[in-house]
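In: Sequence and computational prediction follow.
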Amino acid sequence: MDDIDKLRGDLTQAIAAADTLDALDGVRVSALGKKGAITQAMKGLGAMDPEDRREAGQTINALKSEISDAIEARKADLSTAELDARLMAEKVDVSLPARPETEGSIHPISQVIDEMTAIFCEMGFTVAEGPDIEEDWYNFTALNIPPEHPARQEHDTFYLPGETDGHRKLLRTHTSPVQIHTMQDTKPPIRIIVPGRTYRCDYDATHSPMFHQIEGLVVDETINMGHLKGCLIDFCRTMFDMDDLPVRFRPSYFPFTEPSAEVDIGCTKKDGELRIGAGDDWLEILGSGMVNPRVLENCGIDSTKYQGFAFGMGVERIAMLKYGIPDLRTFFESDLRWLRHYGFKSLEVPGMVGGLSR
Ligand code: PHE
């Protein structure tokens, strides 16, 4: 019994003295492990006579649970202390400045599409969209460009692999097919603009295989060339923010409009520099015309009752002119330095309504 008391004293002291979880585990092994003191004492019971064994057994069992409890209690204390120490050491300094956020910017293409959309929406246009992959009918035939028409050659079309009947889909070469979808699906009056991607097999400083256009279409009973001119003159002057910007309509040809006109704005070219505004030179910026009656009929619209005008322009070209961007290819290179230089802060984007100076 004295041995047991001594063992209790030693172990209790060792537990109190253990100042880390590792040291405490050492004490546990020395007492309760396979070769630990208490385990050994249990084994010793077998050699005792039954009378002594009962009493000694109870004492050792009591010691075993007493020591186990003491170890558990000490373990809980040490864990809390260790956690406290770690929290102290890893303390977060909430007064440190926040890590700077890298700010994105609006791509000039998105900016210019938003600006143009805002201008036309204030005039009462709504935005329409159509598929990038088109049927030949929508991109060409319905627009009065039949299979042998020379205008097909000018479009450098990307065709998709042929289908079994030899019929091939294509990537739209302009946004004009959305005129056809709209006229097939809705009755006049129609007043839409169509911003979107277009594709032509061409690549140099002024051509990219993918580029953007904005199309416009107005169809109603009394629409005439005066409406076309007024709408586009207002658009050009608002877009370039110049009340006296000269705008010229030059006779041209498109199969889907008759008569057709290309629209030029005034500029000056001096020493390789281009200035937009009243000057001695002209810059072509868009194509337009009165919707060819054949196109109206192709869409099931009575051309004796309805007339319309349409226009189409390249978004990149307008962006290059307005913001002095010299090379078209840079629009699609995703060069961060270029984007930081030519991009727009999101707050500078005018809303769909308002945000414009007029
Ligand atoms: N679709 C023509 C083009 O891509 C532009 C245009 C549209 C011309 C509508 C007249 C009317 O060149």
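Out: Looks like it came in fine. Numbers count the residues shown, from 1 in each chain.
In: Can you show me the helices along the stretch 1-150 of the chain?
Out: Along the stretch 1-150 of the chain, the segments classed as helices by DSSP state H, counting those that start in this stretch run 2-17, 21-32, 37-44, 50-89, 108-122, 136-139.
In: Can you lay out those helices as a markdown table showing distance to residue 314 and mean pLDDT?
Out: Where C-beta positions appear, they are placed from N, C-alpha and C, glycine not excepted. Below are the helices of the stretch 1-150 of the chain laid out as a markdown table (distance: least, Cβ to Cβ, whole Å; pLDDT from 0 to 100):
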| stretch | distance to residue 314 | mean pLDDT |
| --- | --- | --- |
| helix 2-17 | 84 | 86 |
| helix 21-32 | 73 | 89 |
| helix 37-44 | 89 | 86 |
| helix 50-89 | 62 | 87 |
| helix 108-122 | 10 | 96 |
| helix 136-139 | 17 | 95 |
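In: quick one, which of those helices is nearest to the ligand?
Out: The closest of the helices of the stretch 1-150 of the chain to the ligand is helix 136-139. By Cβ to the nearest ligand atom, the value is 9.8 Å.
In: Around the ligand, pick out the residues from the protein.
Out: Residues of the chain lying close to the ligand (Cβ under 6 Å from any ligand atom) are 174, 176, 215, 254, 257, 287-289, 310-312.
In: Kindly recompute the last result at 5 Å.
Out: With Cβ under 5 Å from any ligand atom as the criterion, the chain meets the ligand at residues 174, 176, 254, 257, 287, 310, 312.
In: Please identify which pair of those lies farthest apart.
Out: Based on Cβ to Cβ, the longest span within the residues of the chain next to the ligand runs between 174 and 257 and measures 12.3 Å.
In: Name the nearest residue to residue 254, ignoring sequence neighbours.
Out: residue 260 (4.6 Å; Cβ to Cβ, 6 or more residues apart in numbering).
In: Show me what that neighbour bridges to in the sheet.
Out: residue 252, residue 289 (DSSP bridges).
In: since we're on it, how many residues are nearby?
Out: 19 (other Cβ atoms under 10 Å).
In: Please renumber the chain so that the first residue is 52 from this point on.
Out: All set: I'll call the first residue 52, so the last point we hit is now residue 311.
In: So it is in contact with residue 338, correct?
Out: Yes - using Cβ atoms under 8 Å, residue 311 is in contact with residue 338, at 7.1 Å.
In: what residues do the two have in common as contacts?
Out: Common neighbours of residue 311 and residue 338, counting by Cβ atoms under 8 Å, 6 or more residues apart in numbering, are 303, 305.
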